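Visitor: could you look at this predicted model? Sequence included:
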Amino acid sequence: IELGGTIGDIESMPFVEAMRQFQFRVGKDNFALLHVSLVPSVSSGGEQKTKPTQSSVRQLRSLGLSPDMILCRSEFPISNTVKQKISQFCHVAEDHVIGVHNLSNIYKVPIYLHTEQHCQKLLNLLKLKCPSDLDYCFASWKEMSNLYDTIMAAPEEETIRLAMVGKYTGLADSYLSVTKSITHASIHLKQKVKVIWIDSEQLTKDDTNEDYQKAWSDLKSAHCILVPGGFGDRGVEGKIKCCQYARENKIPFLGICLGFQCAVIEYSRNILSLSDAHSEEFDKNSKNHVVMFMPEVDAVKMGATMRLGARKAYFKDTLSKIAKLYGSVDVIEERHRHRYEVNPDYVDRLQEKGLKFVAVDENKTRMEILELDDHPYYVGTQFHPEMKTRPMNPSPPFVGLIVAAQRASN
């Protein structure tokens, strides 16, 4: 169980109390508390300060929880003197005070913790036996973490530029799962990828506007384009224009959830000549809702009404590009999070004009994946493929996007 936030914040108090009660319910041998604390360094002399850790542990103990192990986050490795001080004033064994300093990449952290015998110490607290083949298990992970450093050292001319066109670009963590998926795919392909953040609102401003010009310049400099999910109508027209640019100029494209729906809207407007085509989410007055509210969803009550979690998608065409990326299987299972879907009334018309829906749900009425034949890589998914990515098992749609970008750049 991860209990986030800062000890002392009112928001986390109910969870801290639940944890306090939980330790007695399960018993000492089934409960180990690891406390993560910052050990800052004073810039003038580089002295590492332990007071923040002492203070947070004191407050934690006052709430009925006493840490069994303290993980000290720091910019540089913490000294033995600092460890001894934290151990003495926080009532934790010195060998259970583990420094976790900044490393070249996040994938090296598990390896570093392994060298500090973190696994053995934790399992000893829980009276469990530590596996004897940990070194073997970490071998491939270590290779992957070293490969990541090599990839990131590649020169700019060997870098794929990926345009991320969204509306929450001011806070990159909003798309953290997506950026991690890109990283996992880049490691798998041994290809450095640089994400170019583009605010979709800027793509629809007056063409004399500097932000407009920069946004389009960045978009046109990219080797591939990704339009992630989102809610609300802000920036949607910019995403639609982006879909049109990628389609018409044969730029590798991946649309996720809202990005998938924007691709359908763009195709309906420009290929089916339905100028007012839109989503029911954004334009209630449109006569052509090519994206509609799901029938089983309550249009008034918003809480707990989304289509969530793992759902199966059935390939209609196992020879499609995206099906091949998934290993030419008949069925896949991906995670969903949406209230709107492609309107079934328009599916046949869209497919007659070349927009292929290559995967559907179990009832064959809900479109899950779209693809264009006459395009290097133009794929949209109603589901969120980023939710199942893993460092050594990247999400297929992201792998396909970067492979197509590599071919385009060459």
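Guide: Sure, I can see it. Residues are numbered from 1 along each chain as shown.

Visitor: any stretches of the stretch 1-150 of the chain with poor pLDDT?
Guide: Where the stretch 1-150 of the chain drops to pLDDT under 70, the residues are 44.

Visitor: wasn't Leu226 part of a strand?
Guide: Yes: looking at Leu226 with DSSP: H, G, I helix; E, B strand; the rest coil, it is inside a strand.

Visitor: surely it meets Arg161?
Guide: No: using CB atoms under 8 Å, Leu226 is not in contact with Arg161; the gap is 11.4 Å. Where you see a C-beta, it was placed from the backbone N, CA and C, and this is true even at glycine.

Visitor: between those two, who's got more neighbours?
Guide: Neighbours per residue, other CB atoms under 10 Å: of Leu226 and Arg161, the larger number sits with Leu226, 27 against 16.

Visitor: beta partners for that one?
Guide: Beta-bridge pairing for Leu226 (DSSP bridges): Met164, Leu254.

Visitor: for it, report the pLDDT, please.
Guide: For Leu226, the pLDDT comes out at 98.

Visitor: let me see the contact set for it.
Guide: Taking CB atoms under 8 Å, 6 or more residues apart in numbering, we find Leu226 in contact with Leu162, Ala163, Met164, Val165, Val178, Ile182, Phe253, Leu254, Gly255, Ile256, Gly259, Leu401.

Visitor: got a list of what the fourth one touches?
Guide: For Val165, the residues meeting the contact criterion (CB under 8 Å, 6+ apart) are Ile198, Ser200, Leu203, Leu219, Ile225, Leu226, Val227, Gly238, Lys239, Cys242.

Visitor: quick check: the fifth one vs Gly238, distance?
Guide: With distances taken as CB to CB, to the nearest Å, Ile225 is found 12 Å from Gly238.

Visitor: who's in contact with the lengthiest helix in the chain?
Guide: Identified as the longest helix of the chain according to DSSP state H is helix 134-152. Around helix 134-152, the neighbours that count as contacts under CB under 8 Å, 6+ apart are 104-105, 107-108, 110-111, 114, 119, 131, 183, 186-187, 190-192, 391-392.

Visitor: switch to 6 Å and redo it
Guide: With CB atoms under 6 Å, 6 or more residues apart in numbering as the test, helix 134-152 has contacts from Ser104, Asn105, Tyr107, Lys108, Ile111, His114, Ile187, Lys192, Met392.

Visitor: what about the residues you listed, which are in helices?
Guide: Using DSSP H, the members of the contacts of helix 134-152 that fall within helices are Ile111, His114, Ile187.

Visitor: burial check on the second one, number of neighbours?
Guide: By other CB under 10 Å, the residues close to His114 number 17.

Visitor: contacts only, for it.
Guide: Phe138.

Visitor: apply 10 Å and report the result again.
Guide: Gln120, Leu134, Asp135, Cys137, Phe138, Trp141, Lys142 (CB atoms under 10 Å, 6 or more residues apart in numbering).

Visitor: give me the buried entries from the residues you listed.
Guide: Among the contacts of His114, those classed as buried by 16 or more other CB atoms under 10 Å are Phe138, Trp141.

Visitor: between the contacts of His114, which is nearest Ser275?
Guide: In terms of CB to CB, no member of the contacts of His114 lies closer to Ser275 than Trp141, at 52.8 Å.

Visitor: please report the distance of that closest one from Cys72.
Guide: 23 Å.

Visitor: just the strands from the stretch 151-300 of the chain, written as ranges.
Guide: Shown for the stretch 151-300 of the chain, the strands assigned by DSSP state E, counting those that start in this stretch span residues 160-166, 193-199, 224-227, 253-256, 278-279, 289-293.

Visitor: make TSV out of these and add distance to Asp330.
Guide: What follows is these, written out as TSV (distance: least, CB to CB, whole Å):
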stretch	distance to Asp330
strand 160-166	30
strand 193-199	31
strand 224-227	27
strand 253-256	22
strand 278-279	30
strand 289-293	27
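
Visitor: most tightly packed of those strands?
Guide: Highest mean neighbour count of these: strand 253-256, a mean of 28 (counted as mean count of other CB atoms under 10 Å).

Visitor: thanks a lot, see you next time.
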